[in-house]
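>>> no sequence on this one, just coordinates:
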């Protein structure tokens, strides 16, 4: 990121949001690798062990029962799909975030496009399976898109000014 202009609150917010999106990508990579290494039976056993105290105290707890039910329904193909999904998402996010933080101009439109696609998918998921967590993630992605568009425009203007100044210096 260019140091030629003063860092505003929006500039700092952009960097923090990008770093958080990068951390999210790293977490997805770790989770994807974990899904490749752990069997559905192991996931079910761990879920049951973690839910056991809550279910002992509250046998009809909807969250604990849902988690145990979900874990017991996992198959090898489901976990493989989840692993591939997480690994692809993680790689794309990490590569684009690192490229934008290194001020690679090509990465800005790619990051915007990928996040807009994620937002579209998340919007569909919100209609089908509403959750406040997904609302928060979608709002965060919308914020990152808006900040990335702003930053991309400023980077292009900065580079155009430098190119114009260089061309004038070569003529004069």
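Received, thanks. All values derive from a computational prediction rather than experimental measurement.
>>> all contacts plus neighbour counts: C-alpha atoms, from now on.
Will do.
>>> shaky segments in this protein?
1-6, 167-172 (pLDDT under 70).
>>> hey, which helix is longest across it?
Using DSSP state H to define each element, the chain has its longest helix at helix 132-171.
>>> distance between stretch 53-60 and the chain's centre?
Put simply, stretch 53-60 sits 34 Å off its chain's centre (CA atoms, centre = their mean, to the nearest Å).
>>> so what touches it?
Residues outside stretch 53-60 that contact it (CA atoms under 8 Å, 6 or more residues apart in numbering) are 61, 64, 65.
>>> who are the contact partners of residue 70?
Residues counted as contacts of residue 70 (CA under 8 Å, 6+ apart): none.
>>> cool, and the one 5 residues further on?
Shown in contact with residue 75 (CA under 8 Å, 6+ apart): residue 40.
>>> residue 92 and residue 34, how far apart?
Residue 92 sits 18 Å away from residue 34 when distances are taken as CA to CA, to the nearest Å.
>>> the two: who's more crowded?
residue 92 (16 against 13; other CA atoms under 10 Å).
>>> ok, back up a step: other SSEs contacting the longest helix of the chain?
Contacts defined by 3 or more CA pairs under 8 Å, 6 or more residues apart in numbering; DSSP states H and E place helix 132-171 against helix 9-37, helix 107-128.
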